[in-house]
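Trainee: Sharing a model that was predicted from the sequence below.
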Amino acid sequence: MSHKIMAINAGSSSLKFQLLAMPEGEILCQGIIERIGLADARLVVKTATEKWQEITPVADHREAVTLLLEQLINRKIINSLHDIDATGHRVAHGGETFKDSALVTDDVVAEIERLAELAPLHNPVNLLGINIFRQLLPSAPTIAVFDTAFHQTLEMPAYIYPLPWRYYHELGIRRYGFHGTSHKYVSGKLAEKLGVPLSALRVVCCHLGNGSSVCAIKGGKSVNTSMGFTPQSGVMMGTRSGDIDPSILPWIALREGKTPQELNQLLNNESGLLGVSGVSGVSPDFRDIEQAAENGNQQAQLALALFAERIRATIGSYVLQMGGLDALIFTGGIGENSARARAAICNNLHFLGLSIDADKNQHNATFIQSEQAMVKVAVINTNEELMIARDVMRIALPEPALQEVLA
Ligand code: ADP
């Protein structure tokens, strides 16, 4: 029997959604409501056959969800709200509490609220989405899917920072990692495509988008990941620096009189590809940087080189940690589309048994390793919404026959 599952990703001024028929994984409709809170908010909805948009005032998230549900009924995508069997919500931070997705109860709501201290920009708005759907669809179970949950398998010392112990013990400062839903989805997909159980593989997964993270997956479990206490750490990103010498921050604070908020802004919004690509910055967008580099912009060339170098250093450390490598995965907007980024990252790694075929790489083939390579190199499109919908099915609507398929 087919179920209609709504996957939701609520941001501060936007709400992305996908309605899926499960377990088939067919997308019934998908879209976004942007500029929530403004007089010219925009709703864009796509189905397999049509696409429409509406510009209208949307005061807050509740109005956004109401507008969306009305549209789905008016356009006959659903007959009534009862058609939506369950909803799944992306939640940024599950702390050490949530090691898997969870059925939302009042206790779970309270815990997500408590964890907002760790993700003040994301958890509150994720929770707002959850609360609105719980109120509007009271009979549909709600599942929270945490960006951090997949990485709860990290063992000590991988998640500990060498700070005074009380910062971990009392304040929970440790490596949590993010992008877990994506890393889990693409590594599962890799095993499926290889026809090998994930439990038998040592994988490094590079999720390279506006935010980027690298994850070491051994036997199907995350054993290390580059994002840490916040999504700011690890590799270089569109506007985030990734790892830097931590003492640069107090040094800049003293020298330029910056506040903690201003330092956050500097690290999160003004650094990375944007920051390195010039005094006024070319762009945080990888395509723009590639174009500028092509046109001879040396700062853009440097930004590309640094981007690849930081990822290579991370891959190298994970190969050491896992004692070898069976497969490397590229996903995310850059990983899935930029042959140039993949080639730079995989350059001169023959000694690891890793080399790619230039032609396959150029065509974004699923497997791009060269004939003689020992390590598989895969390009796999991520699909966080499908992963959310699968978790909803597994937790909210378990059917014995399905469990095997979804496991
Ligand atoms: P997000 O992290 O916001 O989900 P995406 O995963 O969509 O972002 O990745 C966005 C990044 O992917 C941007 O930097 C964009 O320039 C890059 N990108 C998308 N398509 C291409 C392409 N064809 N070639 C190179 N980079 C691309």
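Mentor: Looks like it arrived, so ask away. It should be emphasised that the depicted structure is a prediction, and the values quoted were computed from it without experimental measurement.
Trainee: tell me the mean pLDDT for stretch 373-392?
Mentor: Mean pLDDT, stretch 373-392: 97.
Trainee: Over to stretch 396-407?
Mentor: Regarding stretch 396-407, the rounded mean pLDDT is 64.
Trainee: what's the answer for stretch 85-105, then?
Mentor: 97.
Trainee: who's in contact with residue 227?
Mentor: Applying CB atoms under 8 Å, 6 or more residues apart in numbering to residue 227 gives the contacts 175-179, 211, 213, 233-234. Any C-beta I mention is one placed from the backbone N, CA and C, and that applies to glycine too.
Trainee: Would you tell me which residues of the stretch 301-407 of the chain are close to the ligand?
Mentor: Listed as neighbours of the ligand in the stretch 301-407 of the chain under the rule CB under 6 Å from any ligand atom: 332-334, 337-338.
Trainee: at 8 Å instead, please
Mentor: Within the stretch 301-407 of the chain, the residues that sit near the ligand (CB under 8 Å from any ligand atom) are 332-338, 340-341, 382.
Trainee: now swap in the stretch 151-300 of the chain and tell me
Mentor: 207-212, 238, 273, 284-290.
Trainee: just curious, which of the residues you listed is nearest to residue 91?
Mentor: Nearest to residue 91 among those is residue 211, at 16.0 Å by CB to CB.
Trainee: Helices of the stretch 151-300 of the chain, start to end?
Mentor: Here the stretch 151-300 of the chain has its helices, by DSSP state H, counting those that start in this stretch, at 166-169, 180-194, 248-256, 260-269, 272-276, 286-294, 298-322.
Trainee: Nearest to residue 35, out of these?
Mentor: Each of the helices of the stretch 151-300 of the chain was scored for nearness to residue 35 using CB to CB, and the closest is helix 260-269 (19.2 Å).
Trainee: With just CA atoms, put the closest one into PDB.
Mentor: C-alpha atoms of helix 260-269 as PDB (Å, rounded to 0.1, in the frame of the first residue of the first chain):
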ATOM      1  CA  PRO A 260      32.100  37.500  18.900                       C
ATOM      2  CA  GLN A 261      29.100  38.100  16.600                       C
ATOM      3  CA  GLU A 262      31.300  39.900  14.100                       C
ATOM      4  CA  LEU A 263      33.900  37.100  14.200                       C
ATOM      5  CA  ASN A 264      31.100  34.700  13.500                       C
ATOM      6  CA  GLN A 265      30.100  36.700  10.500                       C
ATOM      7  CA  LEU A 266      33.700  36.900   9.300                       C
ATOM      8  CA  LEU A 267      34.100  33.100   9.600                       C
ATOM      9  CA  ASN A 268      30.700  32.100   8.300                       C
ATOM     10  CA  ASN A 269      29.800  34.600   5.700                       C
END
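Trainee: average pLDDT across it?
Mentor: Helix 260-269 carries an average pLDDT of 96.
Trainee: Can you give the distance from it to the centre of its chain?
Mentor: Relative to the chain's own centre, helix 260-269 is displaced by 21 Å; criterion: CA atoms, centre = their mean, to the nearest Å.
Trainee: Kindly report the same for stretch 390-403.
Mentor: Centre to centre, stretch against its chain (CA atoms, centre = their mean), the figure for stretch 390-403 is 23 Å.
Trainee: buried ones in that stretch?
Mentor: For stretch 390-403, the neighbour count (16 or more other CB atoms under 10 Å) marks 390-397, 402 as buried.
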